[in-house]
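S.K.: Give me coordinates for this.
(4 chains)
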2 protein chains.
Amino acid sequence: MSRAAEQEPAARPTLEAVAARAGVGRGTVSRVVNGSPKVSAKARAAVEQAIAELGYVPNQAARSLVTSRTDAVALVIPESVAKLSSEPYFSDIITGVSAELADSDLQLLLVLVRDERERERLARYLTARRVDGVLLVSVHEDDPLPELLERLELPAVLGGRRSAQEPLSYVHADNAGGARAAVRHLLARGRTAVGTVTGPLDMEGAAARLAGYRQALAEAGVPADEGLVAHGDFTERGGRDGMRELLARRPGLDAVFCASDLMAAGALRALREAGRRVPQDVAVIGFDDSVVARHTDPPLTSVRQPTEEMGRLMVQLLLEEIARPGRFRRQTVLPTELVVRESA
Amino acid sequence: MSRAAEQEPAARPTLEAVAARAGVGRGTVSRVVNGSPKVSAKARAAVEQAIAELGYVPNQAARSLVTSRTDAVALVIPESVAKLSSEPYFSDIITGVSAELADSDLQLLLVLVRDERERERLARYLTARRVDGVLLVSVHEDDPLPELLERLELPAVLGGRRSAQEPLSYVHADNAGGARAAVRHLLARGRTAVGTVTGPLDMEGAAARLAGYRQALAEAGVPADEGLVAHGDFTERGGRDGMRELLARRPGLDAVFCASDLMAAGALRALREAGRRVPQDVAVIGFDDSVVARHTDPPLTSVRQPTEEMGRLMVQLLLEEIARPGRFRRQTVLPTELVVRESA
DNA sequence: AGGATGGGTGGGAGCGCTCCCACAGCGATG
DNA sequence: CATCGCTGTGGGAGCGCTCCCACCCATCCT
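M.R.: Here you go, the predicted structure:
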């Protein structure tokens, strides 16, 4: 078998080849490719033509090796709690992130973290600085990843925050405000025994929604009743279990605020099983205004958070931080809004 | 400002540093890192200790430069038709792909392609061979991407195929069989005027579902009636419009098979608007058995396809193809299954 | 006229790794 | 005892790029 027989896949042209063809030096080609202004019009034209003729595409690995940039960012989604497909929130974040990234020249690495092993793999990956920055959503209070990011001084933006003192950059929704608006709406419609199914309280967002719920009741002079608070985990099953618990403890309740649409869907199921009509007997409000909200029976009144925009904004903050690694962080709150449908 | 003042972020140790510390040559360290068997136990131990002490992590860019592997694969999702968040199919594919990839050492690049511009960007990216392989879902007949992949001889696996003669590797579900089972089920329950809302027929999967529908009717000796066929696009809106069309043309229809759950949800809406009860007046069956199916009113009978497993399988095929680029392709069909709920 | 300025340019050095070749050491063989 | 493998091993070469310095040649000022 002769050497020539194994047809080589026409080795890609290098920057050097372009330089030769354009009759300039490597430096000049590099300048053109990277958009430096210090190139004469003539040289630029020659180089651009040579690039077109040769079909030159820069070798990213070689570039990376010397610049130690990777032109990639990671979007990290802990899948510990919810599956990607049942959580439209994640999909919307992805959509926003991807859209915003499309205008930059960065690639999106999607990293789903399911367990400890995968977290360690990610840790190694980040330590190797194989990305220029990290977007991290669905953070829990005791999540070790944010600390790692701080330690590595890797540009990072969180979706949601660990606490009100979060030192890293983050984007989050006005969870407390949204919850307050939801509960106010219920009270304004004459509901008097308003329960709630919370999310996992080690997530600041879930805690804030509970706080908003309490705030609205307090403002209205309704005495606090811990029997009206059940703890869920953002899943549908959690919502159903929470609702059952609530019904068992306070059979007379006439409204419930669920900290996510998925839990609200579960609550709806529990209510149906218990023979309660929605909204006549019990009004229900969810949170997220996800695609789920439009398909439940009845369609769900829900607190809308601009998830896709949060994704976009996260990218913008991250790009800023990558551009100037001076450790100044930005923290942004996006407004929420009550979308009234039939369930309340 | 002195040079020392700008604290350097403790430059990462190189392979050379590890070699020095372990008292061996670069080659030996490289062998250990890459798991070559040709290393004495003694040398291996010394190297491993040095790696641990120094916290050495290989520089991927340098490795890439010489091996011209990237250790990354791209999952390409054309978002032209459906939004990621309203299409649980995509999320499930992502989940499966990510899970299967976690065991390899490959990274997942997620590329959503929204428009022509983004497709060209992707084309450049692929031309630059910045990934070792590509997973492509939701392919249309005239999609230019598969051809590009062939031309570049880039390992690739499709989710779904362009046609029955698809030359590339692919994984797809038994769409025709699933549709047939659905329609048989309807006929067996005594339905006589069974309509369908199709997906975009330039996708083989959608066409196969229509074919399955026709086949089941033919088998049962029901004369074909093109008035019972409406064309949708897999979206909820498309389902609603298609259903309206069907009702206008054939008011007497008593069942409808929709080529996706999302369209079935839209059909449900149209039926409700038209005052038809489901399933009493009109039975409805969807396709995908996605999360949507469980939340509609009534819950949707649907053809389940093992989406997550399809994602996993796509990765397995891709890894094979990357391992031995000998152009032998594999094409796999996964079974579908009717999941009966309340809508039919 | 001569010197100073500065935009534009070429090319050496080097990023951290793998590949591969040459060669050392050692037991088995004729 | 010379010869022949083997297995391990060290290290040169080179992947394709950016960075940076030295240098060239107009242009401008004095």
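S.K.: What separation do you get for residue A:16 and residue A:27?
M.R.: Residue A:16 sits 11 Å away from residue A:27 when distances are taken as Cβ to Cβ, to the nearest Å. Quick note: C-beta positions are derived from backbone N, CA and C, even for glycine.
S.K.: shared neighbours of these two, anything?
M.R.: Counting by Cβ atoms under 8 Å, 6 or more residues apart in numbering or on different chains, residue A:16 and residue A:27 have no shared contacts at all.
S.K.: just so I have it, where are all the strands in the stretch 201-344 of chain A?
M.R.: Ranges of strands in the stretch 201-344 of chain A, per DSSP state E, counting those that start in this stretch, are A:229-231, A:255-258, A:283-288, A:301-304, A:331-334, A:337-339.
S.K.: Pick the most deeply packed of those.
M.R.: With neighbours taken as mean count of other Cβ atoms under 10 Å in any protein chain shown, the strands of the stretch 201-344 of chain A reach their highest mean count in strand A:255-258, at a mean of 32.
S.K.: Quick one: list the elements packing against it.
M.R.: Strand A:255-258 sits against helix A:175-188, strand A:194-198, helix A:236-249, helix A:261-273, strand A:283-288, with contacts defined as 3 or more Cβ pairs under 8 Å, 6 or more residues apart in numbering or on different chains; DSSP states H and E.
S.K.: Can you confirm whether stretch A:84-100 lies near chain B?
M.R.: Yes: Stretch A:84-100 lies within reach of chain B by Cβ under 8 Å from any Cβ of the partner chain, at A:84, A:85, A:86, A:88, A:90, A:91, A:92, A:94, A:95, A:98, A:99.
S.K.: and whichever residue of the stretch 151-300 of chain A sits closest to chain B, how many neighbours?
M.R.: Proximity of the stretch 151-300 of chain A to chain B (Cβ to the nearest Cβ) peaks at residue A:297, 3.1 Å away. By other Cβ atoms under 10 Å in any protein chain shown, the residues close to residue A:297 number 18.
S.K.: just checking, it touches residue A:268?
M.R.: Yes: applying Cβ atoms under 8 Å, one finds residue A:297 in contact with residue A:268, separated by 7.0 Å.
S.K.: which parts of the stretch 51-200 of chain A sit against DNA strand C?
M.R.: A:62, A:65, A:66 (Cβ under 7 Å from any atom of the strand).
S.K.: Buried members of the residues you listed into ChimeraX, please.
M.R.: A single ChimeraX command is used to select the members of those judged buried by 16 or more other Cβ atoms under 10 Å in any protein chain shown:
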select /A:62,65
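S.K.: Out of the residues of the stretch 51-200 of chain A next to DNA strand C, which is nearest to residue A:272?
M.R.: Nearest to residue A:272 among these: residue A:65, at 60.7 Å, using Cβ to Cβ.
S.K.: tell me the contacts of whichever residue of the stretch 101-250 of chain A sits closest to DNA strand C?
M.R.: Distance from DNA strand C to each residue of the stretch 101-250 of chain A (Cβ to the nearest atom of the strand) is smallest for residue A:128, at 9.0 Å. By Cβ under 8 Å, 6+ apart, the contact set of residue A:128 is B:12, B:57, B:58, B:59, B:60.
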